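Asks: Next comes the sequence, and after it the predicted model I'd like to discuss.
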Amino acid sequence: MSIFGTRKARAIVVAVAAGSLALTACGGNNNNSGSKDKGKTKDDAAKQSAAVVLGDAKASTGPAAPVEGARPGGTISVYQTDDFSHLDPAQSYVSDARLLGRLLHRGLTQYQEDASGKLTVVGDIATDSGKTTDGGKTWTYTLKDGVKDQNGNVITSADIRHTVERLYTPFVTDGPVYLQNWLSGAGTEYRKALPEGPYNGQHLPNDVLETPDEKTVIFKFKEPQVDLPQALAMTGYSVVPAKGDTKEKYDTAPVAVGPYKIADFKPGKEMKLVKNENWDPKTDSVRHQYVDGFNITFNQDDEAQTKAILADRDDAKNMIQMTGTVATTQVPNVVNDAAAKARTISGYQPYVWQLNFNLDRMKDKRVRDAIALAMPNQAVFQPDGGAYGGEVATGLIAPTVPGFEKDYDPFGKAKKPQGDIEAAKKLIKEAGAEGLKLTYAYANTPKRQKQAVVIADRLKEIGIDVQKKEIDGATWYEQVGKVNNGLDLYMTGWGQDWSSASTVIPPLYDGKQLQDGSSVYSHINDPKVNDEIARIKKIVDPAEAQKAWTALHHDIVERINPAAPLYFTKSLQIQGSNVGGARYSNDLSAIDITRVFLKS
């Protein structure tokens, strides 16, 4: 999924997803980040890559286990850098929308996380994580009793069918496509199965999706899809009640099924969430509804967020960072103050920030290799939290992904984290590319603006005539996600949607999925890669598939080089002294927003 605040991170997060996010800064380890403790390590990341467990009916039965010391009441304040990219769950594929979605939306399944960070897929509005009797070709879900939307309408199988079928409509462009591809064809072919969605009375046939009664939903695939329970836990597959669907307008006023609903929303300014009275905790084994609501204010960067919470005065005592992180300039003040550090949470994120090459425009691999070699990776991640926010990326697969190779380093970044300028200049000269004009786009957020200076200066240093273009951070992924975006270079962050490289390589590098709104940001469309992706997807054995994904990763990086790896991400967040229940979520790659409360 992309990373925080702007369209996996598509987590972001998380999943992000396992998650979706990002952090911020310049220089080496003497970057004022303070303490010797640099946050989480790759060993922690390896633990986060463990396969999830599929939960039974007992694990899926609410209410959620109580949080020690929790009490009801009060309102939590949140500062956000940007407005949310989307509110329609079908359009949600980045960390900011994912965290908000955990409060507003519910789907057939969801992740339950224990105190050690172990993840279990449980039934959310379904009674369990799903049942299959034929190796994953057919999956059956039974809906729980008593699940209602904010208007009091009972959620039935008809709502699930409607949710799935509206994914096929032309206006849904920014969400995940796993389920659609599995049901109706690879790449963009699925849209042909239901080009207008359910709005003209057409439906998917029963040999694809069957709803024999109000409580039963049956998915039928041509190939085994053993990861369906994890996929359905994505925000993008949360239920959209048929009675409340307003098509395109749903993106500004969704109908809540989760514990909170939107009471007031001023785009670009603020959002107020209040309790959804029709949410029943007995139906939910994941979420809580301790506070009365959340007041979210936009246009507050990490610096403003950190300073306010660090001061811990008045309303700031009740404040959290949702997708924001401790500002680089404030890291020493936080980590060197025992009381302040006690109010922090940290974790290893599943994201790789990379500088995408638009292969439609950047045809010469020598130029692409030169830029990858030249990038001052260590300086690039300094505006994103320094050593607490990231570390040099050596490839396009994150340490949280099963099969990550610590020693894989085709561009020599471990030895030269500030880039190899001479090697880059040599390639530029061989390519006859001195003075080549390239348009480099970046988001108009403080950290991206600082990074843009570092990247543009290095491009100039190796002989590139760089043309900088600033883009609104709130619409960043929508802009760079256009096939004809008119750009040559642009950064994106991506994290696995669940614990498998199958949620990294196909979304980013399968050319058959290339369309406006897809995450094939480099516009790669290589027949060999496409065919190998299709082959590996059919491998049922996870260990065998993992080896194949690793080999394909090598081929993509070394033969094609669609993007320069920049940095892996970590997270350091701070909350006010009156906030209880805060912990880092391996699922959300940020604060576990489902369990926070106010102590008084």
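Replies: That came through fine.

Asks: shaky segments in this protein?
Replies: For the chain, the stretches with pLDDT under 70 are 1-51.

Asks: Break it down into its domains, please.
Replies: 85-250, 260-346+572-598, 347-571 (the TED database).

Asks: Make TSV from those domains and add distance to Ala64 and mean neighbour count to it.
Replies: For every residue, glycine as well, the C-beta is placed using N, CA and C. Putting the domains of the chain into TSV (distance: least, Cβ to Cβ, whole Å; neighbours: other Cβ atoms under 10 Å) gives the following:
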stretch	distance to Ala64	mean neighbour count
domain 85-250	8	20
domain 260-346+572-598	5	20
domain 347-571	21	21
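
Asks: Of all these, which one is nearest Arg71?
Replies: Ranking those by proximity to Arg71 (Cβ to Cβ) places domain 260-346+572-598 first, at 6.0 Å.

Asks: so how far is that closest one from its chain's centroid?
Replies: Taking Cα atoms, centre = their mean, to the nearest Å, one finds the center of domain 260-346+572-598 at 18 Å from the center of the full chain.

Asks: Also stretch 149-162?
Replies: That offset, for stretch 149-162, works out to 26 Å (Cα atoms, centre = their mean).

Asks: who touches it?
Replies: 108, 125, 141, 143, 146-148, 198, 203-204, 209, 211, 213-217, 239-245, 255-257, 261, 276-278 (Cβ atoms under 8 Å, 6 or more residues apart in numbering).

Asks: distance of Pro195 from Pro170?
Replies: 7 Å (Cβ to Cβ, to the nearest Å).

Asks: ah, wrong one, I meant Ala186
Replies: 19 Å.

Asks: for Asp284, same thing?
Replies: 33 Å.

Asks: picking up where we left off before, as TSV, the domains of the chain with distance to Pro63 would be great.
Replies: Output for the domains of the chain, formatted as TSV (distance: least, Cβ to Cβ, whole Å):
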stretch	distance to Pro63
domain 85-250	12
domain 260-346+572-598	4
domain 347-571	25
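
Asks: so which of these gets nearest Ser77?
Replies: Between Ser77 and the domains of the chain, the shortest gap by Cβ to Cβ is with domain 260-346+572-598, which sits at 4.4 Å.

Asks: ends of the closest one, how far apart?
Replies: By Cα to Cα, to the nearest Å, the extent of domain 260-346+572-598 from end to end equals 16 Å.

Asks: ditto for stretch 514-524
Replies: Termini of stretch 514-524 sit 8 Å apart (Cα to Cα).

Asks: tell me how far that stretch is from the chain's mean position?
Replies: 16 Å.

Asks: From Ala431, how far out is Lys437?
Replies: Lys437 sits 14 Å away from Ala431, going by Cβ to Cβ.

Asks: quick one: the helices in the stretch 451-600 of the chain?
Replies: 476-480, 505-509, 527-537, 542-555 (DSSP state H, counting those that start in this stretch).

Asks: can you redo these as a markdown table with distance to Gly73?
Replies: Listed next are those as a markdown table, based on distance: least, Cβ to Cβ, whole Å:
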| stretch | distance to Gly73 |
| --- | --- |
| helix 476-480 | 37 |
| helix 505-509 | 41 |
| helix 527-537 | 49 |
| helix 542-555 | 45 |
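
Asks: how close does Asp337 sit to Ala304?
Replies: 19 Å.

Asks: ugh, wrong one, I meant Ser518
Replies: Taking Cβ to Cβ, one finds Ser518 at 34 Å from Ala304.

Asks: try Thr394
Replies: In terms of Cβ to Cβ, Thr394 sits 33 Å off from Ala304.

Asks: Which strand runs longest in the protein?
Replies: In the chain, assigned by DSSP state E, the strand with the most residues is strand 344-357.

Asks: And the helices in the stretch 301-450 of the chain?
Replies: 302-311, 331-335, 338-341, 365-374, 377-381, 421-430, 446-461.

Asks: Any chance of a markdown table for the ones you listed, columns distance to Ala590?
Replies: Converted to a markdown table, the helices of the stretch 301-450 of the chain look like this (distance: least, Cβ to Cβ, whole Å):
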| stretch | distance to Ala590 |
| --- | --- |
| helix 302-311 | 13 |
| helix 331-335 | 16 |
| helix 338-341 | 18 |
| helix 365-374 | 29 |
| helix 377-381 | 18 |
| helix 421-430 | 35 |
| helix 446-461 | 16 |
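
Asks: Quick check: which of the ones you listed is nearest to Leu359?
Replies: helix 365-374 (8.4 Å).

Asks: looking just at contacts, which helices and strands does that closest one meet?
Replies: strand 344-357, helix 421-430, helix 446-461, strand 563-574 (3 or more Cβ pairs under 8 Å, 6 or more residues apart in numbering; DSSP states H and E).

Asks: could those go into TSV alongside distance to Gly62?
Replies: As requested, the helices and strands packed on helix 365-374 are exported to TSV (distance: least, Cβ to Cβ, whole Å):
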stretch	distance to Gly62
strand 344-357	25
helix 421-430	56
helix 446-461	39
strand 563-574	27
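
Asks: closest to Thr325 out of these?
Replies: Using Cβ to Cβ, those put strand 563-574 closest to Thr325, at 5.6 Å.

Asks: got the CA positions of that closest one in PDB?
Replies: Output of strand 563-574 as PDB, limited to C-alpha atoms (Å, rounded to 0.1, in the frame of the first residue of the first chain):
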ATOM      1  CA  ALA A 563      13.200   2.900  -9.500                       C
ATOM      2  CA  ALA A 564      16.100   3.900  -7.300                       C
ATOM      3  CA  PRO A 565      15.700   2.600  -3.800                       C
ATOM      4  CA  LEU A 566      16.100   5.400  -1.300                       C
ATOM      5  CA  TYR A 567      15.200   4.400   2.300                       C
ATOM      6  CA  PHE A 568      13.300   1.900   4.500                       C
ATOM      7  CA  THR A 569      11.100   3.600   7.100                       C
ATOM      8  CA  LYS A 570      10.600   3.500  10.900                       C
ATOM      9  CA  SER A 571       8.200   5.400  13.000                       C
ATOM     10  CA  LEU A 572       8.500   7.400  16.200                       C
ATOM     11  CA  GLN A 573       5.300   9.000  17.500                       C
ATOM     12  CA  ILE A 574       4.500  10.900  20.600                       C
END
